[in-house]
Structures are given as C-alpha cells and as structure tokens.
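**Student:** Compute the structure for the input listed below.
(one chain, ligands or ions: 1)
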Amino acid sequence: MKLIEIENLSYKYQKQNVLENVNLSIDNDDFLAIIGPNGGGKSTLLKLVLGLLKPQNGKVNKNIKNDKIGYVPQNTNLNTDFPITALEVVLMGHVSKQKRIFGYSSHDKSCAMNSLKQVGMEEFANSKIGDLSGGQRQRVFIARALCSTPQILLLDEPTASIDVKGQKEIYELLKELNKSICIVVVSHDISVLLNYAKNVAHVNKNLVYHKLDQVTNNVSANDEHLCEVELLAALGKTQVCCNHEH
Ligand SMILES: Nc1ncnc2c1ncn2[C@@H]1O[C@H](COP(=O)(O)OP(=O)(O)OP(=O)(O)O)[C@@H](O)[C@H]1O
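**Tutor:** Got it, this is the predicted structure:
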C-alpha cells in the first residue's frame, strides 16, 4: 500500500529554489534512505511530508492521518542539561493529542513505558536524559515518536554524533521496527545504511530514486570506507560532482 505519494513537488525559501519537480512514492513496508549533500533539501522534503511546510507547487498525497506519522528531528542532543527523565521525554509524545491539566494518566504512562520497552530502554525510564549516552538518548527520542503508534517513522540524521557501535544499534532497532512500520531516514552514513535500507532517494534539489537491491551485487555493504560518491557510482549515477578526497 502506498502511504505517501509526492507529485511534481517544488519548494523555495524566499528566492532560493530548494526542491524542483520532485516525485516520490513511499510504500507501507519501505525502509527508505534519503541521502544528498548539505543543503540539498532533505530536511525540507521531510517537513513537507510532515505538513510543517505547505507545497508551493505540486502535491504531497498522504494515505494516512498526520498523527500516524512519527518524527525524530535533528539535533536531539541539544539541551541535555534539562532536568527531565527518559520517561518524561517519551510522555511528551502524548502532549499534542490531549492537553492535560493534572498530568498524565496511568494509561499514558504505561504506553510510554511500552515505547521505552520497544527501544530497549525501559530500565532507564527514571534516568535523567543528560546522563544517557548519545545512542541511548536517541532511542528515547525514537520511543517518544512511537507513542502515537505511527505507521511511518521519519528520522532526520538519527545517528549524527553517535559512535559506530551506537549507530549500528540504532539501525538494528530501525530494522526491527520496519517489520511493522515504514521507516524513512535522512542520513550521511551510507555504508551503514546499505545494510538496512531497501530504497534510496538522492536529494539535491532534484530527486533521483534507486531500488537498493539492484546495487548490492556491485557494492560490498561491509565496506567501511564506502562514501556517497561510490554508492552513487554503483547505482549508475556516475555524473555526480563533488570535491571528495579519500
Ligand atoms: N527556514 C529557512 N529559511 C530560508 N532558507 C532555508 C530555511 N531552511 C532551510 N533553508 C535553506 O534551504 C536549503 C536546503 O536546506 P535543508 O535543511 O532542507 O537541506 P538538507 O539537505 O537537510 O541539509 P543538511 O544535510 O545540511 O541538513 C539550504 O540552503 C538552507 O540554507
């Protein structure tokens, strides 16, 4: 089933064209990697899917309600000194649905504990968010997005500033979640992503789409040094231009 269908989408901030004539279809069981250079328009595309920005040209057709789209934003490592527990962070996933005057119900709390369990963080429920590692903290933010039992989970650079072991753990978690949820990840971790993603969208104003199973014969997914340029070369998009040096 198609969850999202994007047709001829264009977007500009002031006079700067950021996305041009983008087409993309996302199925309910997809694990889609969105890659591309800094400033290429990846986050803007996610915001358009989320409905945070309105298309200026073209359409974003959604076959799901907005509250069934989970979102893990960039830079969740900011403000780690804030005195809040992992459980409280996850409970914030309920806030937009029902504004509560007298705190959270026991049902909210058990849902939040359930989400923490899904990401393997239930034993850290009462830990301060600032006392967790980057990878653990990211799991808590994923748990927060899971509170609304989403059908699709959008993650914007979920493994930025997390060590290699932590990155793999996050992707293993996403692979597990992908058994029942569509996963869309913006990331620069190409070599890690290759082991997990089913499809790749390269966004640099325009969008070029590739089915990843057509690549795995040409590329070793275990190559730690694989970079975006090599991946795109393997995909057949050899006209990519960059200043990359090994
Ligand atoms: N609110 C905004 N107002 C004006 N320009 C913006 C705004 N948000 C983003 N831009 C610009 O739009 C372009 C695309 O930004 P976007 O964040 O979508 O790229 P990105 O591919 O996610 O980049 P990165 O990999 O660095 O996160 C950039 O040139 C950016 O400076």
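**Student:** Give me the domain ranges for this structure.
**Tutor:** 1-64+152-220, 85-150 (the TED database).
**Student:** looking at the ones you listed, which one has the lowest mean pLDDT?
**Tutor:** Mean pLDDT per stretch puts domain 85-150 lowest among these, at a mean of 86.
**Student:** Residue 132 contacts residue 86, doesn't it?
**Tutor:** Yes - using CB atoms under 8 Å, residue 132 is in contact with residue 86, at 6.8 Å. For glycine as for every other residue, the C-beta is placed from the backbone atoms N, C-alpha and C.
**Student:** As CSV, the domains of the chain with distance to residue 74 and mean neighbour count would be great.
**Tutor:** As requested, the domains of the chain are arranged in CSV below (distance: least, CB to CB, whole Å; neighbours: other CB atoms under 10 Å):
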stretch, distance to residue 74, mean neighbour count
domain 1-64+152-220, 4, 18
domain 85-150, 11, 17
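**Student:** Would you tell me which of those domains gets closest to residue 73?
**Tutor:** Proximity to residue 73 (CB to CB) singles out domain 1-64+152-220 among the domains of the chain, at 5.6 Å.
**Student:** distance between the closest one and the chain's centre?
**Tutor:** 7 Å (CA atoms, centre = their mean, to the nearest Å).
**Student:** That one and the ligand, are they touching?
**Tutor:** Yes - for domain 1-64+152-220 and the ligand, the contact criterion (CB under 6 Å from any ligand atom) is met by 13, 18, 36, 38-44.
**Student:** quick one: the strands in the chain?
**Tutor:** 2-13, 16-27, 31-35, 57-62, 69-72, 152-156, 182-186, 199-204, 206-211 (DSSP state E).
**Student:** what's the closest of the ones you listed to residue 123?
**Tutor:** Here strand 69-72 is closest among these (CB to CB), at 21.1 Å.
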